[in-house]
Every structure is written in structure tokens, then in C-alpha cells.
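Novice: Compute the structure for the input listed below.
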Amino acid sequence: MKQMNNNTSTSTSNTKNTINMINQMVDLFDEAVMSLYYGLIDENKENTAITNYDKEKGRLNYYECLMQIIDYFLSDRPLNVDDEVKSKIDKALNTFQHLASQNTINTEEIRKALLLLDIKAFKNINFPLDLITPDATSLLIANLVDALIDHKKRVEILDFNFGVGNLIYTICNHIDASFKITGFDNHSLLANVAIHKSNMLMQSSNIFYQDALEVLPNDIDIIVSDLACYDYENQAYHSYLYDKGVKYFPYLAIEHYLKISKPLFAIYLIENTFFQKEGSQAFYEMLKANGHIDLLVTLPTSFFQRPQDTKSIMVVSNQVLNDASTNVFILPALSKQDEFKTKLDEITKCLKNSKQQLITKNVH
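Specialist: Numbers count the residues shown, from 1 in each chain. This is a model prediction of the structure:
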């Protein structure tokens, strides 16, 4: 992982300055977005109460305006507004640019600013905030990725349930490695937002509006995904589990990506009722025949907005290891700093051992 500043007083001062700078970035971009929003809105045509984006087209929402502002900021794509509105937008963006040049803003600070804009946008379109992977969880997963990848080469990382990308972008900003991102999402708006965020972060990526079960990339080094939990319906789709009547998307997704021929690990964020879903026995038998659960980590409830939203991390390899066991850990609350760090060290050590076993198996 990238090294942190060990000077406490300096670190505290820098933290306050960083928070203030991020808030300024958010305010400036929000000012530009809202200026565009009110400059474009036509009350006879627009209805922001409509929330079904895939069926209702042509209306305004916060994200649509944010993406236009990003395109204007990065590539000077014209905005269809009058001079007065454009002047307000230019003033906000010029101030942002000045702030960035004076403070050498990094991509992690921009990611945090974009996350706060995500939250406002989600509220505007009535999307639940739990669709965004929290920073605490994303940082923990970054530690696990760090233990599993080869830092000497460019890492091809896949998230087939990409959303707005907070999980992947956090990982890429906190690991000292070169990443190439591949992402799929079955919601056109979220996929488009993720592309624009990638452009703002200057992150190399290929993000697609795509059904995750209709494609299988093979040139992947590691998978991470905050698994969406719903019943999958597609009459054209066939797999061992689906043809047995299993519809729980996480089971089907894990089954699908076990088919990648290259030996790899997948890190999944799963709901705590994962092993109690209909079809769990069939899933277990399928997994035993095609891969292995290397690690299960129960996360602290403090990571989530509500106790009932608490999730766990499951690390799966696509190699059959008949003599290997599943390592199970329960992470303490972050407030128990020493205990948390000790447990995290145990987890990363365990993963490094799993990585070595995978390498040894494929050498022989």
C-alpha cells in the first residue's frame, strides 16, 4: 500500500486542509452543475420526480448536468445555455482550476469530491445510497487486492457490477501499482457516469453498459465486485445453475466468472444471508467442482449505514483445491485500532499464502 505521513501534527493539519479543499471542489462543481441545471430546465418538459431512467428519456437530472459539465471542463464541449449562465459556469470552473493548480490536487481528492457529488445525484434521482460501496469497505478491499496482485506488471482488474466506480477508483488510488480497469454495469446512466468519472481521474479504463452474464473477458488478473442482490431473469441465458432454476444473481455471477481460464482470485462483497438463498446447495456443489472459497471476512456493522446492511467479504479462486480449507475472520470495529490492525495483518498474510499456493499449483 502507499505509505502514509507518520508526523501526527503535520498529518492532522494536512487532513484539515485536504477536507477544506475537497469541500471547495464540491461546492464549485455543484455550483457549475446547478447553474447548468437551472439554465436548461423547461418546466413544460422536465419532471425530476421521474426516477425510472431506463424508460423515461429526455428529462433533466443532476447526473446529466454533471456529465455535461465534465465534458465542457475536460474537452470544451459546447453547452446549450445563454451567455449569462455560461459566465456563471466558467467562473466556478475557473476557480476550481485555480484551486487545483495552487494546491496540486491528486486523484484521490478528486475521487472524494466526486463521491460527495454522487451522493447528491443519487438523492436527486431517488437511488438508494447503498448502491455505492462505502470508502471504509473499499479501503479494506484495497488491502486484500494489494496482497494478491503482481506489482511488477500492469494489473488488469475487473468489476462486472461497476456502478459509479467508487470501489475500483478507491483501490486504484491506494495501491502502488499500474491498473487497467474493465467494468460492466447493466444501468446505462451509471455506466455513463462511471466513464465520466474515469475521465476526470485520468484513469485508464474500459467501461461498458453491459449484462455481466453475457460477456466473459479472459485477460483479467483479479476481480473485485460489490455484488448486486436480485433474481436474474433472461430466457436466452443458460448455465448449470440457471438451468436448475437458480436465479440469485450473485450465485450466477460467481459461477460465470469461474469460467475464466486464467488462474485468478475474485474478491466479492456479499450480503450476510448469502449462503441462505434458494439454490445455495446447488451453488456450493458447483463451486466445489470449479473453484474454492479461500477466505471469508465478516465486516463490522460500523462500516454500514444500518446494521441490517452489514456485509462480508468472500475471496474465491477459480482453481479446485481439494485439500485446502476456508479461512474465516471476524473484523473488530475500527475503534479498536490495534485489534483491527492485527486482524487485518492476519488476513493479508493468509491471502499471500493462498496466492503462493495458486502459483505453486499452476507451476506444477
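Novice: Just confirm A289 is within a strand.
Specialist: No: secondary structure of A289 (DSSP: H, G, I helix; E, B strand; the rest coil): helix, not part of a strand.
Novice: That one: neighbouring residues, count only.
Specialist: 10 (other CB atoms under 10 Å). C-beta coordinates here come from the backbone N, C-alpha and C atoms, glycine included.
Novice: if I read this right, it contacts N318, doesn't it?
Specialist: No: assessed by CB atoms under 8 Å, A289 is found out of contact with N318, at 11.5 Å.
Novice: Got phi/psi on V164?
Specialist: Backbone torsions of V164, given as degrees, to the nearest 10, read phi -90, psi 10.
Novice: Kindly report the same for G163.
Specialist: Here G163 shows phi and psi, under degrees, to the nearest 10, equal to phi 60, psi -140.
Novice: what sits against it?
Specialist: The contact partners of G163, by CB atoms under 8 Å, 6 or more residues apart in numbering, come to 131-133, 185, 190, 194, 226.
Novice: Now do N353, the pLDDT please.
Specialist: N353 is assigned 89 on the pLDDT scale.
Novice: other SSEs contacting the helix or strand harbouring it?
Specialist: Take DSSP states H and E as the rule and N353 turns out to sit in helix 337-363. When contacts are defined as 3 or more CB pairs under 8 Å, 6 or more residues apart in numbering; DSSP states H and E, helix 337-363 packs onto helix 135-148, strand 265-271, strand 292-298, strand 311-317, strand 327-330.
Novice: if you set the cut-off to 7 Å instead, what comes out?
Specialist: Counting contacts by 3 or more CB pairs under 7 Å, 6 or more residues apart in numbering; DSSP states H and E, helix 337-363 is packed against helix 135-148, strand 292-298, strand 311-317, strand 327-330.
Novice: The third one pairs with which strands?
Specialist: Right, the one you point to is strand 311-317. Here strand 311-317 has these sheet partners by DSSP bridges: strand 265-271 (antiparallel), strand 292-298 (antiparallel).
Novice: quick one, helices of this structure?
Specialist: 8-40, 62-75, 83-103, 107-124, 135-148, 166-174, 188-200, 249-257, 280-290, 337-363 (DSSP state H).
Novice: right, so of those helices, which gets closest to L331?
Specialist: helix 337-363 (5.7 Å; CB to CB).
Novice: I'd like the strands paired with strand 311-317 written out as a markdown table, with distance to N23 and mean pLDDT added.
Specialist: A markdown table is the format used below for these (distance: least, CB to CB, whole Å; pLDDT from 0 to 100):
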| stretch | distance to N23 | mean pLDDT |
| --- | --- | --- |
| strand 265-271 | 28 | 97 |
| strand 292-298 | 33 | 95 |
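Novice: thinking again about what came up before, okay, the helices of the chain in TSV with distance to N327 next?
Specialist: Shown next, in TSV, are the helices of the chain (distance: least, CB to CB, whole Å):
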stretch	distance to N327
helix 8-40	33
helix 62-75	40
helix 83-103	43
helix 107-124	30
helix 135-148	12
helix 166-174	21
helix 188-200	32
helix 249-257	18
helix 280-290	16
helix 337-363	5
